[in-house]
Each structure stands twice: as structure tokens, then as C-alpha cells.
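1. Got a predicted model here, sequence first, then my questions.
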Amino acid sequence: SLAISEILDHLHINDINHAFSTGKDEGSSPDSPVNDILSPVDGKRIASVKFATPAEYNTVVDIAAKAFKSWRQIPAPKRGEIVRQIGDQLRLNKKELGTLVSYEMGKSLQEGYGEVQEMIDICDFAVGLSRQLYGLTMHSERPEHRMYEQYHPLGIVGIISAFNFPVAVWSWNAMLAWVCGDVCIWKPSEKTPLTAIACQHIAQDVFKKNGIDEGVSCLVIGDRSIGELMANDTRLPLISATGSTRMGKSVSAAVGARLGKSLLELGGNNAIIITENADLDMALIGAVFGAVGTAGQRCTSTRRLIIHHSVYDDFRQKLINAYAQIKIGDPLDEHNHMGPLIDKDAVKLYLESIEKCKAEGGNFVVDGGKLEGEAYASGCYVKPCIAEVENHYAIVQHETFAPILYLIKYQDLDEAINLQNGVPQGLSSAIITNNLREAETFLSFAGSDCGIANVNIGTSGAEIGGAFGGEKETGGGRESGSDAWKVYMRRQTNTINHSKTLPLAQGIKFDL
Ligand code: UN1
């Protein structure tokens with residue numbers, strides 16, 4: 001295994017890192033506060049960052065605006081070639097970057113590598129996309145006329161990302177935005193800025209080698225005040241924000257007030273329906289990985305299991321047995337399944353949620369609690385737990401970003417689907433069944449109301465090729481694959497008259 005200090009060196013992370021970085025410039029004002037970044041793994045200081053001032057943010061926007069003018073001149077497939085090179089660099093740095101993701105954020109090393117793999121995958125996707133970006137052609141009602149639509153670059157895309165996927169979510173946005181001809185300003189979570197700085201260096205090296213160094217890729221480190229500046233900034237036509245529903249509502253209100261575009265990817269309250277026709281061993285892997293993977297801090301984490309009464313007792317016992325096997329500890333040690341929560345505040349919220357659940361009548365069949373002892377000295381390690389609940393409990397309706405799994409019993413599929421949909425969020429959902437009627441009902445318009453609906457797969461771990469996002473309080477945005485690229489471009493309809501007269505549409509007569 002690699003020593004963290006070597007990895008920091010390798011990824012050019014300094015002891016104190018600048019508040020902003022563009023291709024042209026990087027810096028921070030001497031009096032901006034220094035923030036220490038502590039690892040939830042061992043509580044040690046990894047490095048420090050400075051937070052950008054509003055003036056520095058403005059400098060970055062100016063540089064990005066200028067970069068847009070030249071970047072959009074480069075043919076899309078050539079922009080794709082640059083993204084291809086970034087993908088190559090990510091492949092070369094996968095081990096180091098994945099390890100730093102794991103150490104800075106706390107997810108298991110396997111999941112840290114998986115996150116970097118998602119970045120590599122989206123690069124490949126974006127390279128292919130760079131030769132597509134298709135518009136439609138349509139037939140004009142007027143003779144000797146041609147109609148078609150084309151997609152043009154949008155401008156500066158503001159990316160606000162969360163701590164739980166500190167780098168992959170940026171890449172889903174940035175790689176698409178870049179092939180679309182946009183430039184990006186990225187504000188990573190202030191909890192995980194170091195992996196962002198590492199990615200910025202990797203991307204900037206490629207831009208520099210290709211003679212493009214004018215702020216196509218910009219990074220601004222800061223807290224929510226920078227996010228607010230971005231949301232209110234008319235120079236940023238699109239804000240892509242990932243995080244809590246509370247954050248999303250305030251971003252959306254600010255962006256909406258100026259009639260900008262926002263792409264929101266917010267909270268989930270994801271359930272797996274386990275029917276009487278389920279392969280229970282398969283259900284078990286999906287449910288446990290979904291609930292304890294990333295210590296329950298994925299927006300796609302499995303929060304609820306909706307289990308048919310005939311298999312309920314059997315499956316509950318399987319879960320209890322499986323939870324007894326889960327190894328919690330240093331996520332860099334590949335023997336462990338689950339690492340820490342992101343910080344002590346998250347531990348507090350987790351403990352409060354357990355109390356709220358108990359107060360509402362929840363029955364814990366696997367107890368939670370904070371882990372104590374030398375191996376858990378950072379104070380961020382908790383036990384994954386399971387409670388039998390009712391779907392209407394306020395705490396069950398709420399997304400708690402922690403490994404708390406709720407069990408709910410159902411009688412018939414209609415009821416199960418109503419329970420599954422009966423929450424404010426609508427990100428991911430799943431059914432485990434070998435029965436075609438159950439599966440197809442779940443996927444039909446009368447089934448799951450989520451942006452993601454899976455059969456015989458859990459709720460988390462989506463591939464990048466599909467559009468990623470969800471409905472209701474999840475915010476409605478779609479990132480990543482399919483035609484999610486369209487939000488990063490502006491659509492233009494073009495009608496061309498190649499006749500010798502000027503007929504008007506709708507048959508309107510207008511003679512001079
Ligand atoms: C997130 O938690 O914000 O589907 C993203 C998944 C991952 C992405 C999760 N591919 O679980």
C-alpha cells in the first residue's frame with residue numbers, strides 16, 4: 001500500500017493549497033483563512049486549503065469567460081481528444097487518486113477505485129459523444145425550405161459537488177461540458193477539496209500540454225458563500241448542483257430568480273422491494289452493499305427494504321447474520337467493508353436519527369452506536385444498524401446520510417409500490433423478483449416514480465451510460481449518460497429558404 005505522504009507528493013498537493021486555480025493563475029489572498037482538512041479515517045490533518053474571497057471568485061469568472069471564447073472554436077472531436085487524454089491520465093493515477101478519495105472521504109478503497117473508474121468511464125463516453133451531439137432535421141411545410149436544429153455551447157458551467165462522490169460527480173459534468181464546448185468552474189465540497197485539487201492538476205497538465213491554458217477548467221475552494229455567488233451569477237448560464245435537498249432548493253431559487261438553468265441532483269430515499277418471488281441471496285448482497293457501502297452516504301444508498309410478509313422473518317434473519325459479518329475500520333485496509341462517516345457532525349446526526357426513530361416506535365433489530373477505541377480514534381466510526389419501522393415516520397421520510405436501514409413489511413405489490421413511492425424523494429428504486437408480472441408492473445407508469453428503477457439489482461452503483469438523477473425532491477436533473485449532454489448546450493432551430501420567393505408559414509398572405 002502507498003504511503004499518504006507519497007500520494008500527496010505524487011498528486012501535487014501542497015501543505016497549504018491555494019483558494020483558486022485556473023489554467024492561467026492560481027492563488028489566494030494572504031489574509032484568507034486557512035482551513036485544515038482532517039481525514040475521517042484517522043483524524044489526522046492531511047493538508048490545508050485557503051478559501052476564495054468574492055474578488056478571487058470574480059477573477060476566476062473573468063478568466064473562464066475569456067477561455068470560453070477560444071475553447072468553443074475548437075471542433076468538438078478535438079475537444080474530445082483532450083478529454084481522452086484526461087481519461088488516460090486518470091488511468092495512470094487511478095491508484096493514487098482512488099486512495100486519496102478513500103483517505104479524505106472515508107469510503108472503502110474498492111469504492112475509491114470505483115469512483116475513479118466512473119471518471120475514466122465518463123471520459124470514454126464523452127470522447128464518443130464529441131463526434132455526435134446530434135440535433136434533428138425536420139420537414140418544413142414550405143416548399144424549398146430546410147429545417148434542422150443544432151446544439152451550441154452554453155458558456156460557463158458552475159459545478160457544485162458534494163463530499164460523498166468528491167470527484168466522480170465533477171467528472172460527469174465537466175467531461176460532458178467540455179466536449180460540448182463549455183468551460184467549468186468547480187466548487188468542490190469544502191470537506192473534500194484535496195481530491196478536487198488533485199483532479200484539477202491532472203486536467204490542467206493535459207490542457208497545458210495541448211496549448212490550452214486559459215481557464216477551461218477552473219477550481220474555486222470555498223464554503224456555501226461561494227456557491228451562493230455562483231447561483232446568483234448571470235455569467236453562469238448553468239449551475240449543476242449535487243447535495244442535500246435544502247441546498248438544492250436554495251440554489252434552484254437563486255438560479256430560477258435569474259431564469260438560469262439548473263441541474264439538480266439531490267437527496268434520495270431509496271427502497272428495494274423484496275417480493276415472495278425474490279432470490280433472497282441476491283437480495284441480501286444488493287441490500288447490504290446498498291446500505292453500508294460508502295457508510296450509507298451515497299445519494300443512491302439503500303435506506304428502506306420493503307419486504308413481502310411471507311419472506312420477512314427469513315430475510316430479517318439473513319440481514320442480522322450478514323451485519324454480524326461486516327468489518328468496520330480503516331477503509332484503506334481492504335479487509336474492511338465499511339469506513340467512517342465524513343465527520344463528527346455526521347456522527348451526531350446519525351445518533352440523533354436513531355433516537356428519533358426509537359421515539360417514533362422504531363424497533364432496532366441490529367443496534368447502532370458510535371464505535372470507541374484506538375482504531376476509531378477519529379471519532380467518525382459508527383455501527384450500521386437496522387430498524388423495523390413504518391413508512392410514515394418522519395425520520396423514515398427523511399434522508400439520513402448514514403448506515404441506518406429501515407425494514408417495512410407488505411402484503412401485496414400495490415401496497416409495496418405505494419410505500420416505495422410514498423416519500424418526498426425520487427432517486428433510485430429496485431425490485432428483487434423472478435416474477436415477470438411483478439417486475440414489469442414495477443417498471444410501468446403505475447410502478448416506481450423514481451429516476452432509476454432496477455430489477456434484480458440494488459439501488460446504488462449505477463453505470464455512467466444511463467442518465468442519472470431523479471424526480472420530486474431529488475430535483476429532476478439528469479447527469480452522465482444517455483442524452484444528459486443536452487442541458488450543457490443551447491438548442492437552436494434553423495430554417496433555410498432556398499426558393500426564389502418568401503412564403504410565410506401557416507399560409508399567411510402578405511403581399512406588398
Ligand atoms: C451519489 O451518491 O451522489 O449510483 C452518486 C451510484 C454511483 C453514483 C452515486 N454510481 O451509486
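-> Here it is on my side, so go on.
2. Show me what the lowest-mean-pLDDT helix or strand in the chain is packed up against.
-> Of all helical and strand segments in the chain, the minimum by mean pLDDT, DSSP states H and E falls on strand 26-27, at a mean of 78. For strand 26-27, there is no helix or strand it packs on, judged by 3 or more Cβ pairs under 8 Å, 6 or more residues apart in numbering; DSSP states H and E. Every residue, glycine included, has its C-beta placed from N, CA and C.
3. quick one: strands adjacent to that strand?
-> Partners of strand 26-27 in the sheet, by DSSP bridges, are strand 20-21 (antiparallel).
4. next one: the strand it pairs with to chain centre, how far?
-> 22 Å (Cα atoms, centre = their mean, to the nearest Å).
5. What lies in contact with it?
-> With Cβ atoms under 8 Å, 6 or more residues apart in numbering as the test, strand 20-21 has contacts from 26-28, 52, 56-57, 59-60, 197, 200, 204, 218-221.
6. Inside helices: which ones of those?
-> Residues of the contacts of strand 20-21 located in helices (DSSP state H): 56-57, 59-60, 197, 200, 204.
7. out of the residues you listed, what pair is the most spread apart?
-> The largest separation in those, counting by Cβ to Cβ, is between Tyr57 and Gln204 at 18.5 Å.
8. quick one: which helix or strand includes the nearest residue to Gln492 once chain neighbours are set aside?
-> The shortest distance from Gln492 to any non-neighbouring residue, by Cβ to Cβ, 6 or more residues apart in numbering, is to Gln150 (5.5 Å). Element membership of Gln150, judged by DSSP states H and E, is strand 145-153.
9. which helices and strands sit right next to that strand?
-> strand 137-138, strand 489-497.
10. Next, the buried residues of that strand.
-> 151, 153 (16 or more other Cβ atoms under 10 Å).
11. thinking in terms of the whole chain, how far from its middle is the helix or strand that it is followed by?
-> Going down the chain from strand 145-153, the next helix or strand is strand 156-160, by DSSP H and E. Relative to its parent chain, strand 156-160 has a centroid offset of 14 Å by Cα atoms, centre = their mean.
12. hmm, strand 156-160 touching the ligand?
-> No. Using Cβ under 6 Å from any ligand atom, strand 156-160 stays clear of the ligand, with a minimum separation of 12.2 Å.
13. Run the chain-centre distance for stretch 299-309.
-> 20 Å.
14. ok, now stretch 297-306?
-> On Cα atoms, centre = their mean, the centre of stretch 297-306 falls 14 Å from that of its chain.
15. Could you do stretch 439-453 as well?
-> 22 Å.
16. Output the set of residues of the chain in proximity to the ligand.
-> Residues of the chain lying near the ligand (Cβ under 6 Å from any ligand atom): 118, 164-165, 169, 242, 298-300, 460-462.
17. Greatest separation within the residues you listed: which pair is it?
-> It's Thr242 and Gly461 that sit farthest apart of the residues of the chain next to the ligand, by Cβ to Cβ, at 16.7 Å.
18. Between those two, point out the one with more neighbours.
-> Thr242 (26 against 17; other Cβ atoms under 10 Å).
19. Just the pLDDT for the more buried one.
-> pLDDT, Thr242: 97.
20. Who does it form a beta bridge with?
-> Going by DSSP bridges, Thr242 forms beta bridges with Glu265.
21. show me what contacts it?
-> Thr242 neighbours (Cβ under 8 Å, 6+ apart): 160-162, 165, 169, 264-266, 299.
22. So which residue is dead centre in this structure?
-> Val169 (4.2 Å; Cα atoms, centre = their mean).
23. That residue contacts Met175, correct?
-> No. The criterion here is Cβ atoms under 8 Å, and Val169 misses it with Met175 at 11.3 Å.
24. For Ile185, which three-state class applies?
-> strand (DSSP: H, G, I helix; E, B strand; the rest coil).
25. no, scratch that, I was asking about Gly135
-> Applying three-state DSSP: Gly135 is coil.
26. residue contacts, it?
-> 148-151, 491.
27. quick one, phi/psi of it?
-> phi -110, psi 170 (degrees, to the nearest 10).
28. now it, nearest residue through space, not along the chain?
-> Closest to Gly135 by Cβ to Cβ, 6+ apart is Glu149, at 4.0 Å.
29. quick one, what contacts the one you found?
-> Contacts of Glu149 by Cβ under 8 Å, 6+ apart are 135-138, 491-494.
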